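K.L.:
Give me the fold of what follows.
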Amino acid sequence: MRSLGQGVVAHDKPADGRSAGDPITVGGVGRDRSRRLVTGIATAALSRGTGVVVPLVLIPVTLAYLGADRYGLWMAVTALTAMAAFTDLGLGNGLMTKLAPCYASGDTGRARGYISSAYVVLAAISLATCCLLWLLSGVIGWSSILNVSGTATPSDARNIALVCLTAFVLNIPLSLVVRVQYAYQQVGRSNIWQAVGSLSALPLTLGAVHAGLPPVAVIAATVLGPVLVNVVNTGWMYLRHMPEIGPRIASVDPRIARELMRLGGLFFLLTILWSAATQADVLIVAHALGLESVTTYAVPVRLFNLLGFLVTLVNLPLWSANGDALAQGHLGWVRQTTRRMTLFSTLTALLPAIVLVLVGDRLLGTWFGVPPGADHWLLVGLAVWGVTLAATSPRAMVQNAAGVVRPQLLGVGLYLVLSLVGKWYGAKWYGIAAVPYVSIVTYLLTVIPCTVYGYRQALAVSGPAGSRGEATPVRQTTGPGVG
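P.N.:
Got it, this is the predicted structure:
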């Protein structure tokens, strides 16, 4: 393995006159990438934190203005949008993976083809879905679906559902700009834009309440803020900051669209399998032990979901950083960063996991209003489960960046089948505390071997240019593409 930054094109000289092969220049590529990674993680904390805090701040205002029934109706519709989170068919993930080599080589023409094709496909899906939603809104039984009762009316159910679902569907193509910015190493900027989107809900909602607007208008003000900010971000990105990769109808390529759909389909299937494997736990507990055990299990799970939030926050910026490094053949940087991020990701989950195990019982009582007496072994199992996911996530990010999805599909598919059976019998024989332990053992036997294999395959796929010492085009470390 040659040193980090190998393969810099000889004629690609830095602005200060050093040769491209200068050790400082070579090392600088990796250092710049690492700096952007750290910035991405820090700003992700800001963005995700804002996304959590703003809704909490708005709860007393919106709850008092809407009333308990309308507020509950709004939350039920929000749950519907969460269930439709796969509507982009994995195209966003596929686009981020495909753009990394374009960024590394400076191929703006191919990048524009990918971006244009992705926007056309998702815009068509979004518009068709919106049209169907509005055309069928009069015949859909919103009252039955959402179990409308109390002061909320069937008209409220229809209007709130239309507003929330329309905003969600329109945001599907608009949120592609986030994937493009991630792929072009502008993670920090992208996260700041997302934080602004979350914050925009504050003045819009408070203004609507102050103006005494109808309840549906207050809800619209809350959900449309991020959509409007994505519109502004999209315009700024493609009209001012990087017009050379902006989507154009003339750049749409059916072949590229099919290529994106194939890769996006794999990501889509992976997401479906993983969601089914993890979301089935509550149903298993309900059928194996009865509904009275669901709360005992589901509430601690909600508390420990904090670990998953932290794991995503820390590891998502790795996707685009690895894509850039793999495209340039910088396997040394990928290996070193993966080792470091595995340790960092594990510690990020381990420390709060220990705290939650020690004080989780009291937190469940004061925060969620659950009577004390939570099964301590259940808390330990959920903690170990969260730490296990944190330890494997960095290697999964390398595979995602390389577009190596099939090993993950195999591992998660096996995990889904075996864990469902194991959790059922585990819950029947040993109670709810057995569920996370079955998850851990099954994960170790299925997903982890496939993750290790897929990680090595991702490095092998990207390795020949680097290992042969061939020159690979590298984008400059300054300019409009640097985030």
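K.L.:
Can you report how many residues neighbour T338?
P.N.:
A total of 19 residues lie near T338 under the criterion other C-beta atoms under 10 Å. C-beta: built from backbone N, CA, C; applies to glycine.
K.L.:
Report the spatially nearest residue to it, omitting neighbours in sequence.
P.N.:
Among residues not flanking T338 along the chain, P394 sits closest, at 5.0 Å (C-beta to C-beta, 6 or more residues apart in numbering).
K.L.:
What's the first helix or strand after the one helix or strand that neighbour maps to?
P.N.:
P394 belongs to helix 376-402 when assigned by DSSP states H and E. Next in sequence after helix 376-402, counting helices and strands by DSSP H and E, comes helix 406-430.
K.L.:
by contact count, what packs against the next helix-or-strand element following that next one?
P.N.:
If you walk from helix 406-430 toward the C-terminus, the next helix or strand you reach (DSSP H and E) is helix 434-467. Judged by 3 or more C-beta pairs under 8 Å, 6 or more residues apart in numbering; DSSP states H and E, helix 434-467 is in contact with helix 254-289, helix 292-327, helix 331-366, helix 376-402, helix 406-430.
K.L.:
which stretches of the chain have low pLDDT?
P.N.:
1-30, 82-85, 291-292, 295, 363-374, 463-483 (pLDDT under 70).
K.L.:
residue ranges of the helices in the stretch 1-150 of the chain, please?
P.N.:
23-66, 68-83, 91-105, 108-136, 142-146 (DSSP state H, counting those that start in this stretch).
K.L.:
what's the closest of those to V421?
P.N.:
When those are compared by C-beta to C-beta, helix 68-83 sits nearest V421, at 24.8 Å.
K.L.:
List the contacts of the closest one.
P.N.:
The contact list for helix 68-83 (C-beta atoms under 8 Å, 6 or more residues apart in numbering) reads 62-63, 66, 145-152, 156-157, 160-161, 164-165, 168, 215, 219.
K.L.:
Mind checking which of those residues are buried?
P.N.:
Neighbour counting by 16 or more other C-beta atoms under 10 Å classes 62, 66, 146, 148, 152, 156-157, 160-161, 164-165, 168, 215, 219 among those as buried.
K.L.:
From these, pick the one nearest L133.
P.N.:
Nearest to L133 among the buried ones among the contacts of helix 68-83, with distances taken as C-beta to C-beta, is L165, at 5.9 Å.
K.L.:
Roughly how far does that closest one sit from V180?
P.N.:
To V180, L165 is 25 Å away according to C-beta to C-beta, to the nearest Å.
K.L.:
Correct me if wrong: V412 contacts V447.
P.N.:
Yes: contact criterion C-beta atoms under 8 Å: V412 and V447 qualify, at 6.2 Å.
K.L.:
on that earlier part again, what's the most buried one of the helices and strands packed on helix 434-467?
P.N.:
helix 376-402 (a mean of 22; mean count of other C-beta atoms under 10 Å).
K.L.:
residues contacting S149?
P.N.:
By C-beta under 8 Å, 6+ apart, the contact set of S149 is D69.
K.L.:
Look up phi and psi at it.
P.N.:
Per-residue torsions, S149: phi -150, psi 170 (degrees, to the nearest 10).
K.L.:
roughly how far apart are it and S143?
P.N.:
Counting by C-beta to C-beta - S149 and S143 are separated by 9 Å.
K.L.:
With A349 instead?
P.N.:
In this view, A349 and S143 are 42 Å apart by C-beta to C-beta.
K.L.:
quick one: contacts for S393?
P.N.:
Taking C-beta under 8 Å, 6+ apart, we find S393 in contact with 311, 314-315, 345.
K.L.:
Phi and psi next, for D88.
P.N.:
phi -80, psi 0.
K.L.:
Tell me the secondary structure of the residue lying closest to it once chain neighbours are set aside, please.
P.N.:
Of all residues not flanking D88 in the chain, I172 sits nearest, at 5.2 Å (C-beta to C-beta, 6+ apart). The local conformation at I172, judged by DSSP: H, G, I helix; E, B strand; the rest coil, is helix.
K.L.:
wait, I172 sits on L127?
P.N.:
No: the criterion here is C-beta under 8 Å, and I172 misses it with L127 at 10.2 Å.
K.L.:
Tell me which of these two has more neighbours.
P.N.:
It is I172, of I172 and L127, that has more neighbours when counted by other C-beta under 10 Å, with 20 against 13.
K.L.:
who's in contact with stretch 196-204?
P.N.:
Contact with stretch 196-204 is made by 47, 50-51, 54-55, 57-58, 221-226, 228-230, as judged by C-beta under 8 Å, 6+ apart.
K.L.:
Swap in 7 Å and give it another go.
P.N.:
When contacts are defined by C-beta atoms under 7 Å, 6 or more residues apart in numbering, stretch 196-204 is touched by residues 50-51, 54, 57-58, 221-222, 225-226, 228-230.
K.L.:
For the closest residue to G51 other than its chain neighbours, grab the count of nearby residues.
P.N.:
Nearest non-adjacent residue to G51, counting by C-beta to C-beta, 6+ apart: S198, 4.6 Å away. Per other C-beta under 10 Å, the neighbour tally for S198 reads 21.
K.L.:
now P203
P.N.:
Residues lying near P203 (other C-beta under 10 Å) number 12.
K.L.:
Secondary structure element for it, which one?
P.N.:
Taking DSSP H and E as the criterion, P203 maps to helix 187-210.
K.L.:
Going by neighbour count, list what's buried in that helix.
P.N.:
Those would be 187-202, 204-206, 208-209, for helix 187-210 by 16+ other C-beta under 10 Å.
K.L.:
I figured I219 was touching I160, is that so?
P.N.:
Yes: I219 lies in contact with I160 (C-beta atoms under 7 Å); the separation is 5.8 Å.
K.L.:
L239: what's its closest spatial neighbour, skipping adjacent residues?
P.N.:
Leaving aside its sequence neighbours, L239 sits nearest to G246 (C-beta to C-beta, 6+ apart; 6.8 Å).
K.L.:
Over to A201?
P.N.:
Closest residue to A201 apart from its sequence neighbours, by C-beta to C-beta, 6+ apart: G225 at 4.1 Å.
K.L.:
show me the residues around that neighbour that make contact.
P.N.:
Residues counted as contacts of G225 (C-beta under 7 Å, 6+ apart) are 197, 200-201, 204.
K.L.:
Using neighbour counts, trim the contacts of stretch 196-204 to the buried set.
P.N.:
50-51, 54, 58, 221-222, 225-226, 229-230.
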